[in-house]
Structure formats: C-alpha cells, structure tokens
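In: quick one, fold the following:
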Amino acid sequence: MTRWLEVLDPGPLTTVQDAGRPGLAHLGVPASGALDRPSARLANRLVGNEVQAALLECTVSGPTLRAGPGGALVAVTGAPAPVHVAGRACDVGVALWVPAGEVLRVGPATAGLRSYIAVRGGLQVEPVLGSRSYDVLSGLGPAPLAAGQRLPVGPACGTVPAADVVPPPDLDAEPLLPVVLGPRDDWFAPDAVVLLTAARWTVTADSNRIGVRLAGPPLARRRHEQLPPEGVVTGSVQVPADGQPVLFLADHPTTGGYPVLAVVDEDALPAAAQARPGTTLRFSVGHRS
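Out: Coordinates of the predicted model:
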C-alpha cells in the first residue's frame, strides 16, 4: 500500500529535515538538518522510527495534513502548540493515530519557535547528497511544503516504544548560551568580550535557519583590515562591520569574511533555535578555542 500525507495548508514555513549532510563543508555544502535535534529525535522515537528519519520542522505555526490510505501514526514535539486530530484536541509529546482521510492540524507555537512532526515510517522524499533536509541557503533538498502536495511515507519497521506523554520542554525566557572564545577574539577591543557576556542580546526578525541575528551594544574591533574568507562552524558568533553579532545555525555558509568572536556550545544550539524574535539571550564565556 502506498502511504502518504496530503498537505492542505503548509503553514508559514514547514520543511523536511533529518540528520543533515555532515562532512561536506569542503564542498561548500552546509550540514543543514533539524535545528532542535533533541526534539526531532524524540518525535521519531515516539513513533518507532530511527532517530535520523526525515520529519517535518515547523516554524512559528504548523501545517494542516490529511492522512492517506492506511492512516498515520504521528508525534509532535519541540515548541508546544495546539494539536488537533479530526477536530479533537490532542497532546504534544505523544504518539497520535490519524485515521485514513482524517486531518492533523498543528497551530501556532505558544512558546518557542519550531515544532516537529514525525510520522511512523519516515518521510520518503527524494534525498539530495544523502539527506532529505531542505537547506534555505543553498536550496538543496525538497522545497518547503506547498498546498496540494503529497508527502510519501515509508514502511513502518520495528516496534513503537511504550511511552506515555512526554511533557514539552521548559523553554528559558532568557537562554544562557555557553561559548568558547575564538578563533578571532584577538581582532576585537578588550571591552568587546566583556560586552558579549554582560549584555542582553535581542533576537531580531531577520533571523532564520541560517543564523540568529542579534541586536545590542556594538562589539568594537581593534583590527579593521579585511579578513580573508575562512571556514566557520555551526554555533559561530560572527561579527559584521556594524558590530551586531550573528549566531550561525545549521544552514550557515561554510566560509565567512567577518571575524568570529566565539563559538556556542553544541548542546546550547537547540535553545538558540527556539528563540523567537524579541527574545533576549545571554552568553557565558569558557576557555578560548
């Protein structure tokens, strides 16, 4: 039996994501993949998928989907949001059965920014360079969802874990992101590092899967010559000429021409990915990288 989910309403930005394309930076290809990886892994576990199976990442608000033949077992995790199956209110963080022909609707996030929808069997859209993730910077992978689209669902395998409702994560009102300094902290004035940790930084509306743009006191440089393009990693805090930092997320460019003052700890990146515009966040500094 061919199984699928039909997109009735795609939501503001709903994309297919998986574990991404690591190891291709030398080709200029970002890693991409789910931004809040713990939430994505949890959604897959709840429906009995491998943790790297392709699923949906919803930004701000989720889609409306109709289950095709055979129905669908789904789970919604990440940013808490109202979930309805066949018009009935349901919980997040639990496996939900959507009968054939019935509708799953995921509404606007009530906290945080990104929710995840996994379906048992995983989404079987065409992979590109070994991944089914959509990369907003390069355009690699399947395009964001569109109304009328049918998303193919793979065959179920393994067993569904016996799990009750998993409560939604506690999203900090003001995330504290640990960083290590470098590799270009020596390009900045001494007070720039002090400001990095002392200031409260506001997430701006220009943020996306490429990076979180922050507004706050300008971080002054002591060196102003041109920096040749060099490799950057996910979590880099790059500071353009205006002194306002950008925290790179999974779809960031693989090289950059502005100095990187610090790099955020990988475990803190989900909190950054869930920070909606207007959220304030802070940095704490460990050792130099």
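In: rest of the way, CA atoms for contacts and neighbours
Out: Will do.
In: then stretch 193-209 to CSV, C-alphas only?
Out: Extracted in CSV, the C-alpha atoms of stretch 193-209 (Å, rounded to 0.1, in the frame of the first residue of the first chain):
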residue,chain,number,x,y,z
VAL,A,193,34.4,40.3,25.3
VAL,A,194,33.1,42.0,28.4
LEU,A,195,30.1,43.2,26.5
LEU,A,196,29.5,39.8,24.9
THR,A,197,28.8,38.4,28.3
ALA,A,198,27.4,41.4,30.1
ALA,A,199,24.8,42.5,27.6
ARG,A,200,21.4,41.1,26.9
TRP,A,201,21.0,40.4,23.2
THR,A,202,17.7,40.6,21.4
VAL,A,203,16.8,38.2,18.6
THR,A,204,15.7,40.2,15.6
ALA,A,205,13.1,39.4,13.0
ASP,A,206,15.8,38.9,10.4
SER,A,207,16.8,35.5,11.9
ASN,A,208,16.2,32.2,10.1
ARG,A,209,17.7,28.8,9.7
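In: now do the contacts for the residue nearest the centre of the chain.
Out: By C-alpha atoms, centre = their mean, the chain has its centre lying nearest to Leu35, at 2.2 Å. With contact set as C-alpha atoms under 8 Å, 6 or more residues apart in numbering, Leu35 has these partners: 209, 249-250, 269-270, 273.
In: can you redo those as JSON lines with neighbour count?
Out: Formatted as JSON lines, the contacts of Leu35 follow (neighbours: other C-alpha atoms under 10 Å):
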{"residue": "Arg209", "neighbour count": "19"}
{"residue": "Leu249", "neighbour count": "27"}
{"residue": "Ala250", "neighbour count": "27"}
{"residue": "Leu269", "neighbour count": "22"}
{"residue": "Pro270", "neighbour count": "19"}
{"residue": "Ala273", "neighbour count": "24"}
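In: contacting residues around the closest residue to Leu176 other than its chain neighbours?
Out: Leaving aside its chain neighbours, Leu176 sits nearest to Arg282 (4.8 Å; criterion: C-alpha to C-alpha, 6 or more residues apart in numbering). Contacts for Arg282 (C-alpha under 8 Å, 6+ apart) come out as 174-177, 196-201.
In: and the furthest pair within these?
Out: Of all pairs drawn from the contacts of Arg282, the greatest distance, 14.8 Å, lies between Glu174 and Leu196 (C-alpha to C-alpha).
In: who has more neighbours out of the two?
Out: The neighbour count for Glu174 versus Leu196, taken as other C-alpha atoms under 10 Å, is higher for Leu196 (21 against 15).
In: so which of the contacts of Arg282 belong to helices?
Out: Judged by DSSP state H, the contacts of Arg282 include 196-198 as members of helices.
In: out of these, which comes closest to Gly286?
Out: Thr197 (10.6 Å).
In: can you report how many residues lie near the nearest residue to Ala215 once chain neighbours are set aside?
Out: Leaving aside its chain neighbours, Ala215 sits nearest to Thr202 (5.1 Å; criterion: C-alpha to C-alpha, 6+ apart). Thr202: 20 surrounding residues under other C-alpha under 10 Å.
In: wait, doesn't Thr202 sit right on Ala275?
Out: No: at 9.5 Å, Thr202 does not count as touching Ala275 under the criterion of C-alpha atoms under 8 Å.
In: what's the closest of the contacts of Arg282 to Ala146?
Out: Closest approach between the contacts of Arg282 and Ala146, by C-alpha to C-alpha: Pro175, at 32.8 Å.
In: before we move on, back to that, reformat the contacts of Arg282 as TSV; add distance to Val74 and pLDDT.
Out: Shown next, in TSV, are these (distance: C-alpha to C-alpha, whole Å; pLDDT from 0 to 100):
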residue	distance to Val74	pLDDT
Glu174	31	95
Pro175	29	96
Leu176	32	97
Leu177	32	97
Leu196	41	97
Thr197	41	95
Ala198	43	96
Ala199	41	97
Arg200	38	98
Trp201	36	98
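In: could I get the residues you listed as CSV with distance to Gly68?
Out: Listed next are the contacts of Arg282 as CSV, based on distance: C-alpha to C-alpha, whole Å:
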residue, distance to Gly68
Glu174, 41
Pro175, 40
Leu176, 43
Leu177, 42
Leu196, 50
Thr197, 51
Ala198, 52
Ala199, 50
Arg200, 47
Trp201, 45
